[in-house]
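Colleague: when you get a sec, could you give me coordinates for this:
(chains A, B, C and D)
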Amino acid sequence: MEDLLKSIMLGLASGGIYALVAVSYVIIYKSTRIFAFSQAGMLVIGAYTFWQCLVVWSLPIWISILITLAIAAAIAIIIERVSMRPLIGQPILAPIVVTLGVMLFLRGIALLFWHGEVEGYGEAFLPLGVWHVGFLSLPKIQVYGFIICMLVIALLISFYKYTRTGLGMRVVHEDHLVAQNLGINVKRIFQYSWIFSCAVAVIGGMLLGNIQGVGLDLDANGLIAIAAVLFGGLESFGGAVIAGLAIGIIQIFAIQYLGALLPGEITMLVPFVFLLLILLIKPYGLFGLVRIERL
Amino acid sequence: MTINVDRPCGTFDSNYYQAMEIFRTPLRKFLMIAFIVLLYAIAFILDDYIISILIVFCAFSIGMTGLQIITGYAGQISLGHAAFMGVGMYTMAVFQEHLGFNFWFALPLAGLVPMIIGMLFGVPAVRIKGLYLAFASLAAHFVIVYAINNWRSVTNGTDGMYLHRPGVLLGIDFMIDKYYYILVLTVTVIMIYFAKNLSRTRLGRAFVAVRDNDIAAEVMGINIAHTKVLAFGIGCFYAGIAGAVGGGYYEYVNVEWFTLTDSIWYLGFLVVGGLGSIFGAIAGAVVWKSLDELSTLVTPITEALLGGMAFYASAAFSLVIYSLIVIVVLVLEPRGINHRWQIIKRSYRLHPFPY
Amino acid sequence: MLELENVEVKYLNTILVLKGVNLKLDKGSLACLLGANGAGKSTTLKAISGLLRTEEGAVTDGVISYDGKNIQNRWPEDIAALGILQVVEGRHMAEHLTVEENLRAGGLIYKGPRSQMGKDLEMVYSYFPRLKSLKDRTAGYCSGGEQQMMVMGRSLMGHPEVVLLDEPSLGLAPLLVQEIAGIIKKINKTEKVAILLVEQNAIMGLDLATYGYVMENGRIVLDGSADSLRENEDVKQFYLGLSGIGQKRSYKDVKHYKRRKRWLG
Amino acid sequence: MAVDTRDIVKKREQRYSYGLTLLRDCIEETRDLPNEEDFFKKNVLRVEDITISFGGLNALSDVNLELREGELLAIIGPNGAGKTTLLNVISGFYKAQKGDVYFQDTKITNYSSHKIAEMGICRTFQNIALYTGLSVIDNIIAGRHPHIKYNFLNGMLYFPWARREEARQRAIAEDIVDFLEMEQVRNTTVGMLSYGLRKRAELGRALALEPRILLLDEPMAGMNLDEKEDIARFIVDIHEFLRIPIVMIEHDMGVVMDIADRIAVLDFGLKIGDGTPEEISKNQKVVSAYLGKAGEQ
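Modeller: From the prediction side, this is the model:
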């Protein structure tokens, strides 16, 4: 029982961040129908930039966060302007592959500036240490991380639901032609989406950097988050959150209970095999929009 | 009135067989034959370095054609293609090592085993569609890599395995690279010819039907479950053959050779080449491997320029350049190289009147 | 107000679709564009609304002007912001959103006070009472007629000055065609919206419109007031289905020979 | 039955359109076309008590329908009455919650749709569902998919017999192209065709399947008069030359009244009328629910 609860807490903590990264994919997918691999690269960039500001330049924490967000927004605008805008209305695979290129590009940039060394924030960002609640010991970083993730996600969901721009984004997602037809500025919506998404991704990167250490390998989390996105359904924030948490828990469980059965590295294997099984039952994930098939 | 610009002007079919030809004019047929002869001939002219590149081009052209069948023709996105290439390599190695098969017997098996595995992973495509399928197919990659890594008694785990090229046949020693190149080239030409045939016959049309409108295809008498699974099967067969002949060149195979990045780039360069045509597949493979080659060429230059920090810098530079080229190509021509090629041909045919 | 002069459109820079189209639409008027399939009617509308851009087409010659400003080859959202809205053929909509959300989305372009949205919704519901009862239905599951009403209502939400209607009667039952025709007329009258109507149903088109254009092979081959067109022998024969003596032929014994006449243009 | 028996042989001599002879030979190879005596007697398709609902909304409730050999049945009704749904149930795309579909006394309710198509129930679609990446001729040959008799290996290796078979199929397809008067565009990708031509190509694809029953979903929607006349002629020719029973959904009452043998009327998922065109045009219920002014003409 104690072990079970402990692993659930651990799973939730890593799952919260998967959820956040998953949400950053969903934001872009929701308005542009593009699956932006580049967000995995943004994790790395975010973590390193924050480290650069906070540790190397010893700037105050708020200024560091602002600088990181500003850089994320700048990158988002550049990506959107240079590589995504010319591709509006083109076959869907082309922009997806371009985002793949962007992911590698960002990785290259990170390698160029920071040489791929693993760094850490130390005490500078979220407090270290542990809270003891009963028999559970909760690492403070992970609890804070979880809370921040949930806050960001709640903000986003209400934005989509209640604002005019949110409605515009939903229409753009359904059909670019319709949106343009209605005079919705598709380009601006794309830009907003990229900015939001990149901001969310760098927040994810900062938190991950705090927990796992800042390094190039952070983008593996981006990959696992993909499993969460699809499990939850490509268009659903709620789904991404639930799926992210679930994937976190399943991963921990698999390592603990299947470790004996399946030796070797299974952190990537488990989420995707799980995803495959889930999709066989629900082909559009938990809350994904089911394609309306009419003849 | 619509003028047909997709074929050379002045060509008319006088019977149905002509309408089914691959090449419409004697000139084009001659050019193609001349090109293939040239490919054979250069084996005796060029040095081993270029030949090694050409072998890689050939192998990946086969593999890319396989992915073209799955993704370009049948419209099922697969993100685990490199892994099936790996299965081909390992099948070759396992049958040679454990069962003592020679190259010639192991080669078809190296196609068939991935085909069967591919069909298994193709079954979900019956229910799962689009991007969902793409990422579900990542599972194939992870499962295959996991199995190879952990089934040590058969696959030697992470240590890799040795393959053998065929022995001397009819006095041709395949241990010499240029003869092995001729073997690979022959396999490539045959496989591509088969793929072309596939695309213009019954199953090929069924593939496109499923890609363009799967609901209608089902209602119009095409069994889409069969068709999708077959598409995965044939595509993976191609991947397996590609792996077998490619791995045969190095006579060694390692699980590091088909990473997730490779699987993803398979799809990426298919798009760069252009979906839905054999030419696009070959173009994609050639561009991909040329870039790979280019980035290894860049390394010594950056090292010379940057000195001390060269290791990171050169790795980073090749990444940056590589990805930039992909981005630029796709932003300029999102439908791939093949599309641009078609437009060029079209405007050539219509010259001097642009429409 | 809206004027096309010698407009020429090419797709992919190789396929010439419009070969010099001249067309004029006055403020608050209702004009109708007839023509066979593939004559370039939809392309004309797309050239005006800017949707050509997404299909790799472009206006390569001539001028499209609106209130004296040249608007050819602009982005569709800029043109929509000027008050020219197209209702595309085939009822494109946000399938997974509800009917009301679709309508609201149409109102996003209107820059006036936000409270206007509610009033506009009521206005649309008064034209299309059936939509009110359906407002929480997922749009993709509505029937063709309901969807047609929704896309028309949606365009009204943006307070347009010109609406380009592409085949509103496509695939609708006779009773519904009458209803839609009535609503088009009413909207044109009360909202003072200029409408350019593209129709296969020539009888309905000429009934509604005050001025008509006939298009063949990318050219306007005939134009005139609706009355004069209705009296035109060729129009009668090819679009209205009345043979010389004004009697209707039966489809059963219809020509077994090729009878199509072409205007030389 | 108020359907007049037509003199089919005479009609055939009067045909003016080309094409379809090869297709007719193909059909005659596998079955006899009905001769005149039992022409209108046999039921080919029977729909019994079909009920289907989407999200609590009844799309069809207890609909019964019969199609006799050699009959041209038109289904009319307001939008959303369930006409297309009925076709979808017949072609196996939707599974009915209640009721059965019989094809020549075989129960096909639970067959998969490709099986049903292979049996010979072919259709066209309201919103054109062609294979957009293929040319017209390839679309039609793709329609012949179930009738092509070689497997994919033969195709890949392109054996002489596969080549011959391929040429034979192409001949049949070209015949259909001739019939539909699409020679000009046969090698054009259908995605680039105009609406009317795409509708025609779809009709061609359905024909290529050697139908025993042809279901047409609004074949004339969005056409002008000239094109409607063309399509009407094609339908009449198909009907009389190939003797295929046809179910047609159409809104143009002019066409329906002229060429249909029998008309069924659906409204809100219920069948509210069934009879000859004259009977229907006098049926008060139908006039008020559907025809409106158009019925008065």
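Colleague: can you give me the offset of the helix or strand containing residue B:148 from its chain's centre?
Modeller: Residue B:148 is part of helix B:138-150, with elements assigned from DSSP states H and E. Remark: helix B:138-150 is offset 20 Å from the chain centroid, using CA atoms, centre = their mean, to the nearest Å.
Colleague: is that helix anywhere near chain A?
Modeller: Yes: Helix B:138-150 reaches chain A (CB under 8 Å from any CB of the partner chain) through B:138-139, B:142-143, B:146, B:149-150. (C-beta placed from N, C-alpha, C; glycine too.)
Colleague: so which bits of chain C are right by chain A?
Modeller: For chain C, the contact set with chain A under CB under 8 Å from any CB comprises C:49-51, C:54-55, C:75-77, C:80-81, C:85-88, C:92-97, C:101-102, C:104-106, C:108-109, C:138, C:140-141, C:154-155, C:158.
Colleague: ignore the last one, chain D
Modeller: Counting by CB under 8 Å from any CB, chain D sits next to chain A at D:84, D:87-88, D:93, D:125-127, D:129, D:217.
Colleague: swap the cut-off to 10 Å and go again
Modeller: Proximity of chain D to chain A (CB under 10 Å from any CB of the partner chain) is limited to residues D:84-85, D:87-88, D:91, D:93-94, D:113, D:123-127, D:129, D:217.
Colleague: just the buried ones out of those residues, please.
Modeller: By neighbour count, with 16 or more other CB atoms under 10 Å in any protein chain shown, the residues of chain D next to chain A hold D:84-85, D:87-88, D:91, D:93-94, D:113, D:123-126, D:129, D:217 as buried.
Colleague: out of these, which sit inside helices?
Modeller: Judged by DSSP state H, these include D:84-85, D:87-88, D:113 as members of helices.
Colleague: format those residues as TSV; extra columns: distance to chain B and pLDDT.
Modeller: Shown next, in TSV, are those (distance: CB to the nearest CB, whole Å; pLDDT from 0 to 100):
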residue	distance to chain B	pLDDT
D:84	12	87
D:85	14	88
D:87	10	90
D:88	8	89
D:113	5	89
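Colleague: quick one: contacts for residue B:288?
Modeller: B:56-57, B:60, B:64, B:262, B:265-266, B:268-270, B:272-273, B:322, B:326 (CB atoms under 10 Å, 6 or more residues apart in numbering or on different chains).
Colleague: and the pLDDT for it?
Modeller: Residue B:288 carries a pLDDT score of 88 in this model.
Colleague: stretch B:86-97 close to chain A?
Modeller: No: in terms of CB under 10 Å from any CB, no part of stretch B:86-97 sits within range of chain A; the closest distance is 15.3 Å.
Colleague: wait, doesn't residue B:50 sit right on residue B:42?
Modeller: Yes: assessed by CB atoms under 10 Å, residue B:50 is found in contact with residue B:42 at 8.0 Å.
Colleague: just flag the most distant two among the buried ones among the residues of chain D next to chain A.
Modeller: Within these, D:94 and D:124 form the most distant pair, 17.0 Å apart (CB to CB).
Colleague: quick revisit: list only buried entries from the residues of helix B:138-150 next to chain A.
Modeller: For these, buried by 16+ other CB under 10 Å: B:138-139, B:142-143, B:146, B:149.
Colleague: starting at the chain centroid, how far to stretch B:105-118?
Modeller: Put simply, stretch B:105-118 sits 16 Å off its chain's centre (CA atoms, centre = their mean).
Colleague: for that stretch, which positions count as buried?
Modeller: B:106-107, B:109-115, B:117-118.
Colleague: show me where pLDDT drops low in chain C?
Modeller: Applying pLDDT under 70 to chain C picks out residues C:241-265.
Colleague: let's see that with 90 instead.
Modeller: C:1-29, C:34-43, C:45-63, C:65-121, C:123-124, C:127-161, C:165-183, C:186-193, C:199-209, C:214-265 (pLDDT under 90).
Colleague: so what pairs up with the residue nearest the centre of it in the strands?
Modeller: By CA atoms, centre = their mean, the mean C-alpha position of chain C lies nearest to residue C:165, the distance being 2.1 Å. Residues in a beta bridge with residue C:165, per DSSP bridges, are residue C:87, residue C:197.
Colleague: which residues touch it?
Modeller: Going by CB under 10 Å, 6+ apart, residue C:165 touches C:30, C:32-33, C:45, C:85-89, C:148, C:151-152, C:155, C:180, C:184, C:187, C:195-199, C:208.
Colleague: circling back to that earlier point, just the buried residues of stretch B:105-118: which are in helices?
Modeller: B:106-107, B:109-115, B:117-118.
Colleague: near chain A, which of these show up?
Modeller: The subset of those within reach of chain A, by CB under 10 Å from any CB, is empty.
Colleague: between those residues, which is nearest chain C?
Modeller: residue B:118 (33.4 Å; CB to the nearest CB).
Colleague: so what's the closest one closest to, chain neighbours aside?
Modeller: Nearest non-adjacent residue to residue B:118, counting by CB to CB, 6 or more residues apart in numbering or on different chains: residue B:236, 2.7 Å away.
Colleague: which pLDDT does the model give that neighbour?
Modeller: The model's pLDDT for residue B:236 equals 93.
Colleague: stretch C:42-51 close to chain D?
Modeller: Yes: contact of stretch C:42-51 with chain D (CB under 10 Å from any CB) involves residue C:42.
Colleague: now that stretch - C-alpha only, CSV.
Modeller: C-alpha atoms of stretch C:42-51 as CSV (Å, rounded to 0.1, in the frame of the first residue of the first chain):
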residue,chain,number,x,y,z
SER,C,42,-16.5,29.6,-58.6
THR,C,43,-13.1,30.7,-59.7
THR,C,44,-14.5,34.2,-60.3
LEU,C,45,-15.9,34.3,-56.8
LYS,C,46,-12.6,33.0,-55.3
ALA,C,47,-10.7,35.6,-57.3
ILE,C,48,-12.8,38.3,-55.6
SER,C,49,-12.6,36.9,-52.1
GLY,C,50,-8.9,36.0,-52.3
LEU,C,51,-9.4,32.3,-51.6
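Colleague: close to chain C: what parts of the stretch 101-250 of chain D are there?
Modeller: D:126-128, D:181, D:185, D:192-200, D:217-218, D:220-233, D:235-237, D:249-250.
Colleague: among those residues, which are in helices?
Modeller: The helices, defined by DSSP H, take in D:195-200, D:225-233, D:235-237 from these.
Colleague: mind checking how far residue D:20 is from residue D:203?
Modeller: 12 Å (CB to CB, to the nearest Å).
Colleague: do residue C:33 as well
Modeller: Taking CB to CB, one finds residue C:33 at 27 Å from residue D:203.
Colleague: what's the local residue count around residue 134?
Modeller: Going with chain A. The number of residues packed near residue A:134 is 7, by other CB atoms under 10 Å in any protein chain shown.
Colleague: let's do chain C instead
Modeller: Count around residue C:134 with other CB under 10 Å applied: 19.
Colleague: ok, residue A:163 next?
Modeller: 11.
Colleague: does it touch residue A:169 like I think?
Modeller: Yes: between residue A:163 and residue A:169 there is a contact at 9.1 Å, judged by CB under 10 Å.
Colleague: so what's the residue count around whatever residue of the stretch 151-295 of chain A ends up closest to chain C?
Modeller: In the stretch 151-295 of chain A, no residue comes nearer to chain C than residue A:183, which is 2.8 Å away by CB to the nearest CB. Neighbours of residue A:183 under the rule other CB under 10 Å: 26.
Colleague: thinking again about what came up before, any shared contact partners between residue D:20 and residue D:203?
Modeller: In contact with both residue D:20 and residue D:203: D:176, D:179-180, D:234, D:238, using CB under 10 Å, 6+ apart.
Colleague: wait, what's in contact with residue 129?
Modeller: Since no chain was named, I'll use chain A. Contacts of residue A:129 (CB under 10 Å, 6+ apart): A:123, A:138-141.
Colleague: wait, I meant chain C there
Modeller: Residues near residue C:129 by CB under 10 Å, 6+ apart: residue C:149.
Colleague: and what of residue B:108?
Modeller: Residues in contact with residue B:108 (CB under 10 Å, 6+ apart) are B:237, B:240-241, B:244.
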